[in-house]
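*Asks:* model this:
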Amino acid sequence: MSNPMSAPKEILLVEDEDFFRVVRAGFANKRKQLWRNLSTLKMDANLSDDEIKKVLISVVGNEKIRAEELNILQWKQIVKMFFTKG
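*Replies:* Purely as a prediction, here's the structure:
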């Protein structure tokens, strides 16, 4: 997991509704890898399982991470990548 102190100092703005929907999905089932829990959002964010894994690798460097291992900035980065079109 990357060092949260090395994260960019910019403030990531994400919609509260999107943020809490993703975090709730991430913590929905205990002892599961985060990508499996987030796969319930596939239709909302229009992402495949592989795309979810790529987002996790991009943000934390590990697709097998669990929800409790992420910090707030990482959650925000995930939400932004899920719901920002472009």
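
*Asks:* Identify the residue spatially nearest to the residue nearest to the spatial centre of the chain, adjacent ones excluded.
*Replies:* Most central in the chain under CA atoms, centre = their mean is Ile78, positioned 3.3 Å from the mean C-alpha point. Ranked by CB to CB, 6 or more residues apart in numbering and with sequence neighbours excluded, the top spatial neighbour of Ile78 is Val59, at 5.5 Å. For glycine as for every other residue, the C-beta is placed from the backbone atoms N, C-alpha and C.

*Asks:* Would you confirm that Ser58 contacts Lys80?
*Replies:* No - assessed by CB atoms under 8 Å, Ser58 is found out of contact with Lys80, at 11.0 Å.

*Asks:* For the worst-scoring helix or strand of the chain on mean pLDDT, list every residue counted as buried.
*Replies:* The weakest-scoring helix or strand in the chain, judged by mean pLDDT, DSSP states H and E, is helix 42-45 (a mean of 76). Using 16 or more other CB atoms under 10 Å as the test for burial, helix 42-45 gives Ala45.

*Asks:* elements contacting that helix?
*Replies:* Here helix 42-45 touches no other helix or strand, going by 3 or more CB pairs under 8 Å, 6 or more residues apart in numbering; DSSP states H and E.

*Asks:* Work out the gap between whichever helix or strand comes after it and the centre of the chain.
*Replies:* Counting by DSSP states H and E, the element after helix 42-45 in chain order, helix or strand, is helix 49-60. Distance of helix 49-60 from its chain centroid, counting by CA atoms, centre = their mean, to the nearest Å, is 8 Å.

*Asks:* which outside residues touch helix 49-60?
*Replies:* Helix 49-60 is contacted by residues 1-2, 34-35, 38-39, 41-42, 47, 62-63, 65, 69-70, 74, 77-78, 81-82 when judged by CB atoms under 8 Å, 6 or more residues apart in numbering.

*Asks:* Stretch 20-35 now?
*Replies:* For stretch 20-35, the external contacting residues (CB under 8 Å, 6+ apart) are 36-38, 40-41, 44, 49, 52-53, 56, 63-68, 70, 75, 78-79, 82.

*Asks:* Fine by me, thanks again.
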